Each structure stands twice: as C-alpha cells, then as structure tokens.
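Peer 1: When you get a sec, could you give me coordinates for this:
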Amino acid sequence: MEQIRELATLLESGIEDYDEQMKVLQSERLKYLRLSMTNGFGTEEGDSKESWLLHLKQLEDSLGVRLKTLKQAILKSAESFKEPEA
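Peer 2: This next block holds a predicted model:
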C-alpha cells in the first residue's frame with residue numbers, strides 16, 4: 001500500500017508541476033503572438049524573434065521531458081507491483 005501512496009504523491013506533484021509549466025508556456029505564447037501582431041520584437045539578444053522562438057521551443061521541450069519522466073515513473077512502479085510481496 002505504501003508504494004501506491006508514494007506513486008499517488010509523485011503523480012500529484014508531477015501533474016501540478018506540469019500544469020504550472022503549461023500555463024507558463026501558454027502565457028509566453030500569447031506574449032509572442034502580441035509581439036508578432038505589433039511587430040514589437042527587438043534586435044537585441046533576448047528580445048528578437050529568434051530568441052522568442054528558441055525560448056518557446058525550450059519550454060515545449062521541458063514539458064516533453066516532464067511528461068516522459070511521469071510516464072517512466074508509472075511504468076517503473078507498475079513493474080514493481082508485479083514483484084511478489086515479502
């Protein structure tokens with residue numbers, strides 16, 4: 001039963017973290033769209049269109065890693081349930 005509780009806690013924490021990062025990504029996408037519509041990109045590193053695209057890509061990649069990690073935790077936990085209990 002303890003394994004189930006640990007998995008539930010891990011999943012709850014991971015899902016909350018994932019959802020929070022998704023909100024950040026959505027917010028940043030909206031900022032990018034506003035800048036695109038107003039041609040508000042700068043020419044300096046960090047505020048250029050290319051920098052924004054890289055930033056969005058990094059956020060998307062981070063979400064992918066988080067999701068993959070959650071899936072791996074679920075699979076690892078499922079494997080441990082197959083083992084006979086002592």
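
Peer 1: What separation is there between Asn55 and Ser27?
Peer 2: Careful, residue 55 is His and not Asn. 12 Å (Cβ to Cβ, to the nearest Å). Where you see a C-beta, it was placed from the backbone N, CA and C, and this is true even at glycine.

Peer 1: For these two, work out which one has more neighbours and name it.
Peer 2: His55 (15 against 11; other Cβ atoms under 10 Å).

Peer 1: Kindly state the pLDDT recorded for that one?
Peer 2: Listed pLDDT for His55 reads 96.

Peer 1: Got the phi and psi for it?
Peer 2: Main-chain dihedrals, His55, degrees, to the nearest 10: phi -60, psi -50.

Peer 1: Can you name the residues that contact it?
Peer 2: Glu28 (Cβ atoms under 8 Å, 6 or more residues apart in numbering).

Peer 1: Secondary structure element holding the nearest residue to Leu53 once chain neighbours are set aside?
Peer 2: Excluding the flanking residues, the one nearest Leu53 by Cβ to Cβ, 6 or more residues apart in numbering is Tyr32, at 7.8 Å. With secondary structure defined by DSSP states H and E, Tyr32 is part of helix 2-38.

Peer 1: Give the other helices and strands that that helix contacts.
Peer 2: Based on contacts counted as 3 or more Cβ pairs under 8 Å, 6 or more residues apart in numbering; DSSP states H and E, the elements that helix 2-38 packs against are helix 49-82.

Peer 1: Going by neighbour count, list what's buried in the helix it packs on.
Peer 2: Residues Trp52, Leu59, Arg66, Leu70, Ser77 are the ones in helix 49-82 that count as buried (16 or more other Cβ atoms under 10 Å).

Peer 1: The second one contacts Ser27, correct?
Peer 2: Read that as Leu59. No: Leu59 is beyond contact range of Ser27, at 9.9 Å (criterion: Cβ atoms under 8 Å).
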